[in-house]
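Asker: Based on what follows, work out the 3D shape:
(one chain, ligands or ions: 1)
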Amino acid sequence: MPSDTLTITDNRNGKSYEVPIEDGTIRAMDLRQIKISDDDFGLMSYDPAFLNTASCRSKITFIDGEKGILRYRGYPIEELAEKTTFLEVAFLLLNGELPTEEEHEKWRQEIVVHTMVHENIKHFMDEFHHDAHPMGILLSTVGALSTFYPNAPNVSDPVNRRLQMVRLIAKMPTLAAFAYRHRMGMPYSYPDNNLSYTGNLLSMMFKMAEPKYEVNPVLEKALNLLFILHADHEQNCSTSAMRSVGSSRTDPYSAAAAAIGALYGPLHGGANEAVLRMLRNIGSPDRIPHLIERVKAGEARLMGFGHRVYKNYDPRARIIKEMANKVFEVTGRNPLLDLALELEAIALEDEYFVERKLYPNVDFYSGLIYQSMGFPVDMFPVLFALGRTVGWLAQWEEMVLDSEQKIARPRQIYTGHDLRHLE
Ligand code: SDX
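Answerer: Reported below is the predicted structural model:
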């Protein structure tokens, strides 16, 4: 009778062990019993960059990388993108169900009352250099929020925990817009709580001297869709940082600052900015073969391509690509789109990319839309962070409430000097 176990034979001494298989995994701690002597520490698993290691159990997001499937709490991303708002998706990720009409209105009210930031944040922000990267400003100001809310570390109190989470979700657009206005040398524009979550961001960023900013509904809807697509993505690098830093029971603002730091990298959320710079450097279709040759020679990466989990087309990239034309009807077609489409067509035919299953990911087309909407290139990862904040918080709270979790503290294989003494 087959059983859900693994029989391991240690060929060093012929001993056998039965290890349970649960949810397609074995527990790494079950390897520690495998010893060759009483003072042997026992076996560990070695998995640099966690290529094949599950760090947690989660009910929030499901991805099937081979099939290009992404679901939030069981709902396909395509349906959520088409039929819901970002705040509804945020409620879904945090609470497990979409809000009723009444819950949605209460949730919206909860958010709008927290969109303002302490005036001292402005003085703090004013001290950044005029060309400071907005991700560096966001990372710092989110971390600074922990100093304004002394109760924030009390993460075991559910009411306090949720209050801090709502505060962060509500204040991220304000901090992002302030960072932008600082970069542009413009006065800060305060939240307009009569606008939607994305409309308010557009207003705080682009309002000039007019009494009330006129939100373009097509751009508002496009940003809403982009935030939904970026909201969560299971155990990606920045979410793992959020969970790992949060596991020391620090406050959620400090954990989120670490997550922003992880997202900033060009291999992760910084890729959307890197894609635009790459397309600008290519300049024209006749220079694509040169880039492809450099990529094959290992001298460059095709930014916006490839994924640790998706070995198929990233479903988010497909949705963004389809949405691009609606935005360009309003903003005018981004001339770099044709270059991106040509680059994708060439890459998807090329053996190097085909055999490595490298497809466009969420970052390949998003920057083209952000650029056409008037966002400067270095704001692109900030926009990624705005959408992902709710995912970080949902995953962080799931970690806080998970009785199996402890402070994250991996082991190592020591390869340094043996004992030695000073002369
Ligand atoms: C995001 O994890 C998530 O879910 C992330 C994310 C989210 O929503 O949170 O989806 C968001 O970060 C998307 C990814 C954005 N990053 C980029 O677009 C940067 C370019 N992509 C790569 O650097 C890379 O594909 C990664 C970082 C995304 C994934 O890297 P892996 O899984 O560690 O793969 P790898 O580096 O081991 O590459 C495997 C092979 C290598 O070739 P060989 O050594 O086998 O010869 O594929 C090659 C790599 O050289 N390769 C690429 C490539 N990506 C991988 N070659 C050229 N261009 C690329 N983009």
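Asker: Show me where the stretch 251-400 of the chain has its helices.
Answerer: Here the stretch 251-400 of the chain has its helices, by DSSP state H, counting those that start in this stretch, at 252-263, 271-282, 288-296, 315-331, 336-349, 351-355, 362-372, 380-400.
Asker: Quick one, which of those gets closest to the ligand.
Answerer: Taking Cβ to the nearest ligand atom as the criterion, the ligand comes closest to helix 271-282 out of these, the separation being 3.4 Å. C-betas here are computed from N, CA, C, even on glycine.
Asker: can you list the residues of the stretch 301-423 of the chain near the ligand?
Answerer: 301-309, 356, 358, 361-363 (Cβ under 6 Å from any ligand atom).
Asker: Which of those residues has the largest number of neighbours?
Answerer: Within these, D363 tops the neighbour count with 29 neighbours, counted by other Cβ atoms under 10 Å.
Asker: secondary structure class for the residue in the stretch 1-150 of the chain that the ligand sits nearest to?
Answerer: Nearest to the ligand in the stretch 1-150 of the chain, going by Cβ to the nearest ligand atom, is A49, at a distance of 6.6 Å. Classification of A49 using DSSP: H, G, I helix; E, B strand; the rest coil returns helix.
Asker: residue contacts, it?
Answerer: Under the criterion of Cβ atoms under 8 Å, 6 or more residues apart in numbering, A49 has no contact partners.
Asker: measure it to F364 for me?
Answerer: Distance of A49 to F364, computed by Cβ to Cβ, to the nearest Å: 22 Å.
Asker: and L175, which of the three is it?
Answerer: Applying three-state DSSP: L175 is helix.
Asker: And for it, the neighbour number?
Answerer: 25.
Asker: Hmm, V142 and it touching each other?
Answerer: Yes - in this structure, L175 is within contact of V142 by Cβ atoms under 8 Å, at 6.6 Å.
Asker: who's in contact with the closest residue to H233 other than its chain neighbours?
Answerer: Of all residues not flanking H233 in the chain, T61 sits nearest, at 6.3 Å (Cβ to Cβ, 6 or more residues apart in numbering). Residues in contact with T61 (Cβ under 8 Å, 6+ apart) are 70-73, 93, 232-234, 391.
Asker: Output the residues of the stretch 301-423 of the chain next to the ligand as JSON lines; include the columns pLDDT.
Answerer: Below are those laid out as JSON lines (pLDDT from 0 to 100):
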{"residue": "R301", "pLDDT": "96"}
{"residue": "L302", "pLDDT": "97"}
{"residue": "M303", "pLDDT": "97"}
{"residue": "G304", "pLDDT": "96"}
{"residue": "F305", "pLDDT": "96"}
{"residue": "G306", "pLDDT": "96"}
{"residue": "H307", "pLDDT": "96"}
{"residue": "R308", "pLDDT": "96"}
{"residue": "V309", "pLDDT": "96"}
{"residue": "R356", "pLDDT": "96"}
{"residue": "L358", "pLDDT": "95"}
{"residue": "N361", "pLDDT": "94"}
{"residue": "V362", "pLDDT": "94"}
{"residue": "D363", "pLDDT": "95"}
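Asker: Buried ones in the helix or strand hosting R71, by neighbour count?
Answerer: Using DSSP states H and E, R71 sits in strand 69-72. Neighbour-count burial for strand 69-72 flags 70-72 (criterion: 16 or more other Cβ atoms under 10 Å).
Asker: Stretch 25-35 now?
Answerer: 30, 34.
Asker: Endpoints of it, how far apart?
Answerer: Terminal residues of stretch 25-35 lie 21 Å apart, using Cα to Cα, to the nearest Å.
Asker: Ok, stretch 62-72 next?
Answerer: Stretch 62-72: ends 7 Å apart by Cα to Cα.
Asker: distance between it and the chain's centre?
Answerer: Centroid separation for stretch 62-72 versus its chain: 16 Å, with Cα atoms, centre = their mean, to the nearest Å.
Asker: same question for that stretch, mean pLDDT?
Answerer: Averaged over stretch 62-72, pLDDT sits at 97.
Asker: Also stretch 19-32?
Answerer: For stretch 19-32, mean pLDDT is 97.
Asker: For that stretch, what is the distance to the chain centroid?
Answerer: Taking mean C-alpha positions (Cα atoms, centre = their mean), stretch 19-32 and its chain are 29 Å apart.
Asker: What of stretch 30-45?
Answerer: The offset between the C-alpha centroid of stretch 30-45 and the centroid of the whole chain comes to 37 Å, using Cα atoms, centre = their mean.
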